[in-house]
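In: sequence isn't available, so here's the structure alone:
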């Protein structure tokens, strides 16, 4: 393993410390103030300087994210609200925005994107003819059941692994399970996410899934470059034409900026992965996100560039921007039968130095072009 500039074996490391958690490890904590009070969290720290906070009571999403003390995850100001404070149906279904905070906010499990009312007669419960969805669904406000939080040592290496499950269920409705696993190498600077969603119920159940991956300052700043292999823009919010901010080179924060959202059609690499990156203006730092294109073929770029909210969201998605109703109409909705599942694999990698950022830019450019 590479630790503090030294190549060292686990045996030699143990000779030099009574507890390897002095170098890297896992710690379980409970947040205890304000709207976060009572929220369980798990801190992952690697010897390379990657620090990830996992929010057990918020669907095992990702909260704070730092590398060598520098944040790359976005903080909105909402705080990591206890799920008991969540207001699913308020504000016309937009109250999800009050829970939007941290590096990863998951959308799903039966609905993502903007809300609405859809048919529910498949559940065969006469009083429930329809179901109403809010923005990005219910899962983010459901606590996880922690299954594992452990260091896994094997030969000359080790990984830190956290695993949990989230059940989204109601009588006479969906009964879906998200089994979520995170892994980081003991001395690594990338985070691997493995999610499996399966149907525990006995009716065919709609399933949609989205990662709202939110990156903030200083990884997002004036001149930050968004790099992706894009064939065309499938959809853009009206604000793109009205404001004209570049989707490729980010401007500075602006007072009253209206969010810009673009659905990009990406080209997958020969390995079956989609790859995108955010690269700093000086090329000295960046972050690359890659994921399985077969289960998340769609992708949105969210630009929230207003003062006090400055962020870019990179959003792999199982479905297009129209959401539940549109997916049912065009036949693209996923319906899971009893025992059927969908699997999602994603990697978030921190880039260090101009050589790494240049290599990632070249690798993405080799996959496909990128429109101006």
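Out: Nice, thanks for sending it over. Note that the structure is a prediction, hence the values are computed from the model and not measured.
In: the helices in this protein, which residues?
Out: Under the criterion DSSP state H, the chain contains helices at 10-16, 238-243, 323-330, 353-367.
In: export those to CSV and tack on distance to residue 156 and mean neighbour count?
Out: Any C-beta I mention is one placed from the backbone N, CA and C, and that applies to glycine too. As requested, the helices of the chain are arranged in CSV below (distance: least, CB to CB, whole Å; neighbours: other CB atoms under 10 Å):
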stretch, distance to residue 156, mean neighbour count
helix 10-16, 6, 13
helix 238-243, 50, 13
helix 323-330, 47, 17
helix 353-367, 24, 16
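In: for residue 148, give me its contacts.
Out: 161-164 (CB atoms under 8 Å, 6 or more residues apart in numbering).
In: which one among these gets closest to residue 253?
Out: Minimum distance to residue 253 across the contacts of residue 148 is 33.5 Å, recorded for residue 162 (CB to CB).
In: what number of residues are in the vicinity of that closest one?
Out: 23 (other CB atoms under 10 Å).
In: find me the pLDDT at it, would you?
Out: pLDDT, residue 162: 98.
In: who's in contact with the residue nearest to residue 352 when sequence neighbours are not counted?
Out: Excluding the flanking residues, the one nearest residue 352 by CB to CB, 6 or more residues apart in numbering is residue 285, at 6.7 Å. Neighbour list for residue 285: 219, 279, 350-353, 357 [criterion: CB under 8 Å, 6+ apart].
In: please name the residues that touch the closest residue to residue 9 other than its chain neighbours.
Out: In space, and not counting its chain neighbours, residue 9 is closest to residue 156: 5.8 Å by CB to CB, 6+ apart. Contacts for residue 156 (CB under 8 Å, 6+ apart) come out as 1, 9-10.
In: before we move on, the earlier item: okay, the contacts of residue 148 in CSV with distance to residue 303 next?
Out: Converted to CSV, the contacts of residue 148 look like this (distance: CB to CB, whole Å):
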residue, distance to residue 303
161, 34
162, 31
163, 33
164, 31
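In: for these, pick the one with the most neighbours.
Out: Of the contacts of residue 148, with other CB under 10 Å as the count, residue 162 tops at 23 neighbours.
In: which residues does that residue contact?
Out: Here residue 162 is in contact with 26, 42, 44, 54, 60, 146, 148-149, 181-182 (criterion: CB under 8 Å, 6+ apart).
In: which of those are buried?
Out: Buried members of these, scored by 16 or more other CB atoms under 10 Å, are 26, 42, 44, 54, 60, 146, 149, 181-182.
In: those residues in strands, which ones?
Out: Within those, residues falling in strands by DSSP state E are 26, 42, 44, 54, 146, 149, 181-182.
In: of those, which is the nearest to residue 293?
Out: residue 181 (20.0 Å).
In: distance of the closest residue to residue 23 other than its chain neighbours relative to residue 363?
Out: Distances taken as CB to CB, 6+ apart put residue 47 closest to residue 23, at 4.9 Å, once the chain neighbours are dropped. Going from residue 47 to residue 363 by CB to CB, to the nearest Å gives 26 Å.
In: with residue 177 instead?
Out: For residue 177, the distance to residue 363 (CB to CB) stands at 35 Å.
In: list the contacts of residue 337.
Out: 199, 204.
In: report pLDDT for it.
Out: pLDDT, residue 337: 98.
In: got the phi and psi for it?
Out: In terms of degrees, to the nearest 10, the main-chain angles of residue 337 are phi -80, psi 170.
In: roughly how far does it sit from residue 128?
Out: Distance, residue 337 to residue 128, using CB to CB: 20 Å.
In: the closest residue to residue 120 other than its chain neighbours - how many residues pack around it?
Out: Leaving aside its chain neighbours, residue 120 sits nearest to residue 131 (4.3 Å; criterion: CB to CB, 6+ apart). Around residue 131 there are 18 other residues, counting by other CB under 10 Å.
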